[in-house]
Each structure stands twice: as C-alpha cells, then as structure tokens.
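**Student:** predicted model follows, preceded by the sequence.
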Amino acid sequence: MIADYTSDFVYLVDMFLIKPRLRFTRGGIQVKSLSETYYHYLMTRTFKLDIISVLPTDIVYIFTGNKPILRLNRVFRIHSFWLLFDMLDNSFANPYAIRIARTLSYMIYIIHCNSCVYYKLSAMQAFGQIAYLENGKWYLNKWVYNNQGNAYIRCFYFTAAVATSTGNNPAPTNVIEYIYMTCSWMMGVFVFALLLGQIRDIVSNANRNREEFQRKMDQALGECKKLGLRQETTNRVRDWFIYTWQQQKTLDEKKLIEKLPLKLQTDLALSVHYTTLSKVQLFQDCDRALLRDLVLKLRPVIFLPGDMICLKGDVGKEMYIINQGILQVVGGDHNEKVFTELSQGAVFGEISLLAIGGNNRRTASIRAKGYCTLFVLAKEDLNDVIRYYPQAQAILKRKAAAMLKNDKKSDEKTEKIKQQAELEDRCKINPRQVPKLITLIANMEEMNENKGVRDLKKAIEEETDKSRRQSIYYPWSTLQRDDDDEEDEWMDEDLSDIGEDSDIEPVNREGPMDDDVDPMEDIDLSAEVPHSDEEGDRPGTSGTRKLHAE
Ligand SMILES: Nc1ncnc2c1ncn2[C@@H]1O[C@@H]2COP(=O)(O)O[C@H]2[C@H]1O
C-alpha cells in the first residue's frame with residue numbers, strides 16, 4: 001500500500017510540475033515560455049493517458065477490500081518510463097549505464113508480472129494445502145507457493161529461477177502449472193536471451209574504443225619486437241600509447257567529429273581548444289575568421305619527455321602551437337644549452353616555414369621537457385589559409401623576423417663574450433691598468449709645474465683606484481694580484497729624483513721598449529679613462545689590444 005501511494009504521489013508531481021515544463025519545438029524554434037509549455041502539455045495525448053492512469057479506481061476497495069487489480073489503469077503510465085530513459089540517454093555523456101539500467105528494468109518488470117501470476121495460481125490452489133492423487137497416492141502440492149515468509153520475495157525468486165532456467169524447479173502437478181512453466185521457459189529462452197544479448201552489446205560498445213586502442217597498441221608493440229628494436233624504444237612507444245589514451249581516449253580525435261557538418265566541427269574544435277587558442281598572440285592580433293579557418297587544419301600530436309620536435313638546420317615543413325606542456329629551445333653541441341622555455345599558447349617553427357631568414361631551415365632545435373600536446377599545422381595548410389589574410393601574413397612575418405633578429409643579436413653577443421674571454425686569457429693583463437709610460441710622463445711633467453699634466457696624473461690615479469675597486473667585483477679578472485703588486489711598485493718609487501734630472505729618458509725607467517711598437521700609437525686616454533664608466537662591467541677589446549701593445 002505504501003509503495004502504491006508513493007507512486008501515486010510521484011505521478012501527480014510529474015503531471016503538475018514536470019511534464020508541463022518540458023520544452024518543445026514549433027516551426028524549428030524551441031518554445032520555453034511556461035504558459036505555452038503548459039498549454040502544449042494539456043493538448044497532448046500524453047496528458048489524457050496521464051489522467052487515466054491516476055484515476056482513483058482503488059476507491060472501490062471500500063466495497064471490495066484490497067484488490068490490486070483495480071489499480072491496473074496505472075499501466076497507462078508506461079510512456080513516462082520510456083520518456084524518462086530517453087531523456088537520461090540524451091543528457092548523459094556516457095549513456096551506457098542508462099541503457100543497461102533500462103534493459104534490466106524490462107527484465108525485472110517481466111519477472112514481477114510473472115511472479116504476480118504465480119502468486120495468484122498458488123492462492124487459487126490454497127497455497128498447496130489441497131492434496132492431489134498420483135499413482136494411487138495422495139501428495140501435497142509442492143509446486144505452489146506455500147504462503148510462508150515474504151510472499152513477494154518468495155514468488156519473485158521462484159519466477160526468476162524459472163525464467164532464467166537456473167533453479168532446480170519443482171515439477172508442475174496440473175495442466176495450469178504445466179502451461180505456466182512452459183510459458184516461463186519460452187519467455188526465458190526468447191525474451192531474456194534477447195535482453196541479455198542487448199546488455200552484452202551495450203557493454204561491448206562501451207568498451208569498443210578501449211579494445212580497439214588495446215589492439216592497436218599490442219600490434220605496434222609486436223612490430224617493435226619483430227623489428228628487434230631496443231627495449232628503451234619499445235618502452236617509449238608504450239608510453240606514447242598510454243599517455244595518448246589518458247589524454248584523449250582515442251587514437252584519432254578527428255575521427256570522432258568527422259561525421260558532423262563542417263560548421264559544427266569548427267565550433268566544436270574551437271570550443272574544445274579555446275583555452276589554448278585564446279593564448280596564441282598571433283590569433284589575438286589577427287582576423288577572427290583566420291582562427292576559424294585554421295582550427296580544423298590543426299592536428300593534435302603528443303610528444304614524450306626528451307623528444308626532439310625539430311632540429312636546427314632541418315627543412316621546416318610544419319609549425320606548432322603548444323596545447324599542453326613545456327618545450328625548450330636548445331643549442332650547443334649536444335643540445336645541452338637551454339635558451340628559453342615555451343609553454344601553452346606559444347607558436348614555433350614558423351621562421352623556416354615562411355622562409356623569413358632567407359631559407360627554409362630550422363633556426364633552433366626544440367625539445368619536449370615533459371609530456372606535451374601540440375597542434376601541428378602543415379606548410380600547405382598554412383599557405384592555403386593565410387593567402388586570404390594578408391594582414392595576418394604580415395604580422396606572422398614581422399614577429400618571426402623580430403625573433404630571428406633577437407636570436408642573431410644574442411648569438412653575436414655570445415660570440416663577442418667568448419672572444420673577449422679568450423683574449424683576456426691569452427694576455428693575462430688587466431685591461432684597466434693604466435700604461436706605466438703615461439704615469440711616468442705625468443709625474444715628470446708635474447715636477448715641471450705643468451698643470452695640464454698634473455690633471456692628467458690625477459685622472460690616472462683615480463682610474464687606477466677605480467680599476468682596483470672594480471676588479472674586486474669581477475672574479476673573471478685574472479690579474480687582480482699582479483695589479484696590486486705593480487701599483488705598489490710605482491707608488492713606492494721616489495719620483496723626485498726624476499724631476500731633478502730632466503735628461504733622463506722616462507722610457508728607460510720602465511725597461512727597454514719594443515722597437516716595433518710606438519707606445520703612444522694606440523693610447524687614447526680620452527677613450528681609456530672615461531670608458532670604464534660608460535662601458536660598465538666588461539672591458540672592450542680595444543683596451544686589451546692597447547695593453548697588449550704596451
Ligand atoms: N629565442 C627564441 N625564443 C623562442 N622561440 C624561438 C627562439 N628561437 C627560435 N625559436 C623558434 O624555434 C623554431 C625553430 O624552427 P624555425 O626556425 O622554423 O622557427 C623557430 C622559432 O619559432
């Protein structure tokens with residue numbers, strides 16, 4: 001009784017609150033207005049059937065007692081059952097469970113009806129209390145339900161066992177029982193076999209993708225083994241399959257949407273990859289239509305950690321957009337130098353594709369840092385699309401050219417630093433050291449009261465001081481100790497003697513001069529002294545060359 005009236009309550013809620021709100025389409029347009037949906041429901045056949053199904057026919061119980069057959073009109077609700085499953089099927093991303101539930105509920109319903117019949121037959125035979133005669137002996141009817149325990153569960157169990165032919169069923173004792181058993185077995189063989197078959201199909205459909213993937217992976221790994229590839233390579237193939245499955249649950253993402261109309265495919269691809277594409281600077285600056293045209297040409301590809309996506313010097317045939325993961329721009333003999341890292345939304349490979357540097361060779365090598373998903377755009381596809389968008393073409397070229405220029409600059413800078421370091425290493429002379437010859441001349445002239453030269457000496461002292469201070473901060477300066485020694489040397493010298501004898505050649509005090517080199521030739525104080533401030537940290541090559549001459 002509780003179950004009966006709870007169901008009645010649910011039927012009423014469905015009639016007054018749910019069904020009248022269901023949207024419908026009129027002339028291809030979906031109607032959402034409540035008044036219209038209510039009116040639409042009242043006009044349908046469904047409404048009439050719903051009314052019949054909730055008619056309180058069980059009021060007759062007052063006169064007849066509890067007779068569930070009087071509620072038979074509830075059967076008219078069966079369309080609600082189908083409607084519910086259709087709606088669930090359409091709204092779930094993975095409807096296999098819903099389909100299995102529907103098929104199982106058919107089976108349960110059939111068993112339910114059958115157990116009702118069994119109960120009725122048992123009741124008609126006084127639940128086995130009427131004895132019957134067989135071969136001259138009287139027996140109690142063991143086939144019927146004996147009215148012990150929970151009637152519904154006992155009858156349901158008996159019917160389920162008969163229908164699925166799994167139970168050790170008692171033998172029927174009369175014609176009616178024989179007919180019942182025959183019908184039950186027939187139903188078991190045909191209807192149940194059909195329903196169970198349906199469940200098997202649903203389950204195998206749900207697993208079809210997974211099985212196909214597994215088959216392809218096994219095939220590929222089998223090929224690796226046949227070809228005698230190294231275990232490491234085989235492991236990478238396996239890794240690739242597993243990561244691809246985890247990421248997209250299919251090996252060919254495009255295959256899933258190719259049945260859809262082009263417009264829908266584009267919308268779908270745009271919405272799925274929106275996060276990545278919205279980060280691509282190029283698309284932000286360009287015509288939105290370019291993005292729509294390009295999106296279907298993008299092919300997702302997965303790379304494993306350490307994979308080289310392109311190598312410097314290779315011919316560029318594709319460009320890439322990073323969907324997921326981090327990639328490194330690398331260089332050096334063994335790609336050991338990492339120049340920069342690229343992440344989601346970054347574009348690379350366009351320089352050689354557009355032959356911006358004058359040829360179609362890759363200007364850098366790119367390596368996957370971890371697992372990466374990239375969109376690949378083939379040269380022909382890019383050309384196909386971009387020729388209709390000259391503005392985008394210009395932006396792409398401008399950006400690539402700027403990047404190329406930057407790369408060149410940093411290459412030159414690296415080269416310069418390298419040369420400089422080599423030179424310093426060879427000379428072993430602090431380039432900031434002020435030539436001693438100049439110091440000597442300045443000292444002598446000061447004694448002769450020459451103001452210009454006195455200033456010059458002051459400047460030299462300041463510079464020497466600064467040089468010493470700076471060299472503390474530059475560990476690459478190899479002559480820190482020599483400097484101090486030499487400086488101490490000339491600081492300790494008594495220059496007053498020199499002033500008294502103006503005939504003495506200042507050069508002789510510093511030791512013999514190289515005949516071929518004119519010590520004044522390369523010395524340019526205006527360049528040497530203020531240079532230290534202007535150039536900042538690193539000495540220029542010219543300074544080193546001058547000192548070398550000295
Ligand atoms: N310094 C850099 N920063 C970011 N990307 C770069 C840098 N240098 C080169 N690339 C990219 O690496 C790609 C290598 O192939 P391409 O020369 O076709 O195009 C190149 C650029 O897209």
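**Tutor:** Structure received.
**Student:** please count neighbours and contacts with C-alpha atoms only from this point.
**Tutor:** Fine.
**Student:** show the contacting residues for the closest residue to the ligand within the stretch 101-250 of the chain.
**Tutor:** Nearest residue of the stretch 101-250 of the chain to the ligand, counting by CA to the nearest ligand atom: W240, 23.3 Å away. By CA atoms under 8 Å, 6 or more residues apart in numbering, the contact list for W240 reads 302-304.
**Student:** could you do V54 as well?
**Tutor:** Applying CA under 8 Å, 6+ apart, we find V54 in contact with 8, 11-12, 73-74.
**Student:** from the residues you listed, which two are the most distant?
**Tutor:** L12 and N73 (14.5 Å; CA to CA).
**Student:** so which of those two has more stuff around it?
**Tutor:** Between L12 and N73, N73 has the larger neighbour count (other CA atoms under 10 Å), namely 18 against 14.
**Student:** list the contacts of the more buried one.
**Tutor:** With contact taken as CA under 8 Å, 6+ apart, N73 is in contact with 52-55, 57.
**Student:** could you do G313 as well?
**Tutor:** 361-364.
**Student:** about what we covered before: who wins for most neighbours among the contacts of W240?
**Tutor:** Across the contacts of W240, neighbour numbers were computed from other CA under 10 Å; F303 holds the maximum, 21 neighbours.
**Student:** touching, it and R367? I think so.
**Tutor:** No - shown here, F303 and R367 do not form a contact pair, counting by CA atoms under 8 Å, at 9.4 Å.
**Student:** identify the contacts common to those two.
**Tutor:** What both F303 and R367 touch, as defined by CA under 8 Å, 6+ apart, is the set I309.
**Student:** low-confidence regions, the stretch 51-200 of the chain specifically.
**Tutor:** Within the stretch 51-200 of the chain, the stretches with pLDDT under 70 are 166-167.
**Student:** only alpha carbons, please: show stretch 100-120 as CSV.
**Tutor:** C-alpha atoms of stretch 100-120 as CSV (Å, rounded to 0.1, in the frame of the first residue of the first chain):
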residue,chain,number,x,y,z
ILE,A,100,21.8,-1.2,-19.2
ALA,A,101,19.5,0.1,-16.4
ARG,A,102,16.6,0.3,-18.9
THR,A,103,17.1,-3.3,-20.2
LEU,A,104,17.4,-4.6,-16.6
SER,A,105,14.2,-2.9,-15.6
TYR,A,106,12.4,-4.6,-18.5
MET,A,107,13.6,-7.9,-17.2
ILE,A,108,12.6,-7.0,-13.6
TYR,A,109,9.2,-5.9,-14.8
ILE,A,110,8.6,-9.1,-16.7
ILE,A,111,9.6,-11.2,-13.7
HIS,A,112,7.4,-9.0,-11.5
CYS,A,113,4.3,-9.7,-13.6
ASN,A,114,5.2,-13.4,-13.8
SER,A,115,5.5,-13.6,-10.0
CYS,A,116,2.1,-12.0,-9.6
VAL,A,117,0.6,-14.7,-11.8
TYR,A,118,2.5,-17.4,-9.8
TYR,A,119,1.1,-16.0,-6.6
LYS,A,120,-2.4,-16.0,-8.0
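**Student:** give me the secondary structure label for V301.
**Tutor:** Classification of V301 by DSSP: H, G, I helix; E, B strand; the rest coil places it in strand.
**Student:** out of the contacts of V54, who's nearest L42?
**Tutor:** Of the contacts of V54, the one sitting nearest to L42 (CA to CA) turns out to be L12, at 14.3 Å.
**Student:** could you export the contacts of V54 as JSON lines, including secondary structure?
**Tutor:** Output for these, formatted as JSON lines (three-state DSSP):
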{"residue": "D8", "secondary structure": "helix"}
{"residue": "Y11", "secondary structure": "helix"}
{"residue": "L12", "secondary structure": "helix"}
{"residue": "N73", "secondary structure": "helix"}
{"residue": "R74", "secondary structure": "helix"}
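**Student:** quick one: which of these is nearest the ligand?
**Tutor:** Using CA to the nearest ligand atom, the contacts of V54 come closest to the ligand at Y11, 64.5 Å.
**Student:** what about the spatially closest residue to that closest one that is not a sequence neighbour, distance to the ligand?
**Tutor:** Excluding the flanking residues, the one nearest Y11 by CA to CA, 6 or more residues apart in numbering is V54, at 7.3 Å. Counting by CA to the nearest ligand atom, to the nearest Å, the separation of V54 from the ligand is 71 Å.
**Student:** what's the answer for K67, then?
**Tutor:** Distance from K67 to the ligand, counting by CA to the nearest ligand atom: 82 Å.
**Student:** OK, contacts around that residue?
**Tutor:** So K67 contacts 58, 61 (CA under 8 Å, 6+ apart).
**Student:** which element is Q214 on?
**Tutor:** helix 193-226 (DSSP states H and E).
**Student:** related to what we said a few turns ago, could you say which helix or strand contains the residue of the stretch 101-250 of the chain closest to the ligand?
**Tutor:** helix 231-248.
**Student:** C-terminal to that helix, what's the next element?
**Tutor:** Following helix 231-248 in sequence, per DSSP H and E, is helix 253-257.
**Student:** quick one: list the elements packing against that next one.
**Tutor:** Judged by 3 or more CA pairs under 8 Å, 6 or more residues apart in numbering; DSSP states H and E, helix 253-257 is in contact with no other helix or strand.
**Student:** state the mean pLDDT of that helix.
**Tutor:** Mean pLDDT, helix 253-257: 73.
**Student:** tell me how far K137 lies from F127.
**Tutor:** 20 Å (CA to CA, to the nearest Å).
**Student:** looking at these two, which is more packed in?
**Tutor:** F127 (20 against 8).
**Student:** does that one touch N147 like I think?
**Tutor:** Yes - contact criterion CA under 8 Å: F127 and N147 qualify, at 5.8 Å.
**Student:** off-centre distance for stretch 239-250?
**Tutor:** In this view, stretch 239-250 has its centroid 11 Å away from the chain centroid, taken as CA atoms, centre = their mean, to the nearest Å.
**Student:** tell me the pLDDT at R481?
**Tutor:** 35.
**Student:** which helices and strands does the helix or strand harbouring K413 pack with?
**Tutor:** Per DSSP H and E, K413 falls inside helix 390-427. When contacts are defined as 3+ CA pairs under 8 Å, 6+ apart, helix 390-427 packs onto helix 281-285, helix 350-353, helix 541-549.
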